[in-house]
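Asker: Okay, sequence plus prediction incoming.
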Amino acid sequence: MAEWSNLRFIGNAPEAAKEARRQAYERTLYGEDIDTQFSEEKREGYRANEIEKTSEQESLFRFAEEYLNEKRKISGIPATTFPMKNIFIVGRDFFSSKYGPHARAMAHPPAQIIGIAQHTSDFILTSAAFHEMLHCKSALTFQLFVEESTGNVKEHIVRTGSSIFAPKSQQHRAQHWHFNGLNEAITTFEQMKFHRALLELPVMEKTKALLESDEGKQERDVIAHDAKEDPEDIFWFDRVKREYVALPYPKQRAVLQYVCEQIADDQQRGVDEVHDLFLGSCFTGRALELARSVETAFGAGAFRRLADMDTDGNSGVQTYEALRKMRLQKEKANREID
């Protein structure tokens, strides 16, 4: 059994309770259990609406996992095996009723569960599985604490990938997640890179030919214009039905790309290398080197500004503008020193 080294349990609960929780979690991954954080109602709903995976789909999902495990190794995190039983392909109507009409997939990292809405394209299903599997294979931290009134051990998740849970505060009236927008930007950027590897598989020959043909590019441009999308973000479309699928979080990805470019310029290193630094932080849960790089490139407070970026488009735009101003101020200060 591979060590799940980026899984942590913190808090004031006894060490024995933490070890018991770790063992229960491993049974979720490698046994027949499904974690109790995934409610009985959800479990039954998924089982009742599950569409059996084909052998080809399972093979493609394993390819996605192998890609991710190689990325984990680069970050110093051992490879792990994600249980295929925890990936549910379910009917679109059921999925839409739970997560909304535009949702295509979901991950529940605390229970290591992935749900994907049925689609006719295995390329779409594999892309979705990759995105959600990255969330599940990223750093995960639970806080276990002893409830004063009862003495019982309670728990809640405090970190998944780059996202860090924060309680209510004077600045935030509700519970929220720091780095949520950044976490999705990192994930979708890596998803985009994975598409290139996926399209090289023989089984994806027809999909690749369509996407790379002149006719396919023209069709994609028309769809992008009508839908006000970036053509490069559209990675699947149906000519007849005029349906398409595009990479989400474009504003957040623009922020990530801008930040990586500025850090790369300062440190005289490749932009992809800086992207890997962000991805590595997702896997390891360690962000000290990342924070220093961001603050050096943009000035004090820049990492906190990045932490405040959420997943909506407006937040991405505001974060981009704020960081751009900070970068200009930093460059001006550097010129004055010189």
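Answerer: That came in fine, so what should we check first? Numbers count the residues shown, from 1 in each chain.
Asker: what's the single longest helix in this protein?
Answerer: Criterion DSSP state H: the longest helix present in the chain is helix 313-337.
Asker: Need the contact partners of that one.
Answerer: Under the criterion C-beta atoms under 8 Å, 6 or more residues apart in numbering, residues 181, 249-252, 254-255, 258-259, 262, 297-299, 301-302, 305-306, 308-309 lie in contact with helix 313-337. Glycine gets a C-beta too; all of them are placed from N, C-alpha and C.
Asker: residues near Thr150, how many?
Answerer: Counted with other C-beta atoms under 10 Å, the neighbours of Thr150 add up to 8.
Asker: and the one helix or strand Tyr25 maps to, what's its mean pLDDT?
Answerer: Per DSSP states H and E, Tyr25 falls inside helix 15-30. The predicted model gives helix 15-30 an average pLDDT of 81.
Asker: coming back round to it: among the contacts of helix 313-337, which ones are in strands?
Answerer: In strands, judged by DSSP state E, none of the contacts of helix 313-337 are found.
Asker: taking these one by one, which sit in helices?
Answerer: Judged by DSSP H, the subset of the contacts of helix 313-337 located in helices is 181, 250-252, 254-255, 258-259, 262, 297-298, 302, 305-306.
Asker: Strands of the stretch 51-200 of the chain, start to end?
Answerer: Listed in chain order, the strands of the stretch 51-200 of the chain (DSSP state E, counting those that start in this stretch) span 87-90, 105-108, 113-117, 140-146, 153-160, 163-166, 176-178.
Asker: Show me what the fifth one is packed up against.
Answerer: Looking back up the chat, that one is strand 153-160. Contacts defined by 3 or more C-beta pairs under 8 Å, 6 or more residues apart in numbering; DSSP states H and E place strand 153-160 against strand 140-146, strand 163-166.
Asker: who touches the last one?
Answerer: The set of residues that contact strand 163-166 without belonging to it, under C-beta under 8 Å, 6+ apart, is 156-159, 172, 175-180, 183, 307.
Asker: Name every strand pairing with it and say which way it goes.
Answerer: strand 153-160 (antiparallel), strand 176-178 (antiparallel) (DSSP bridges).
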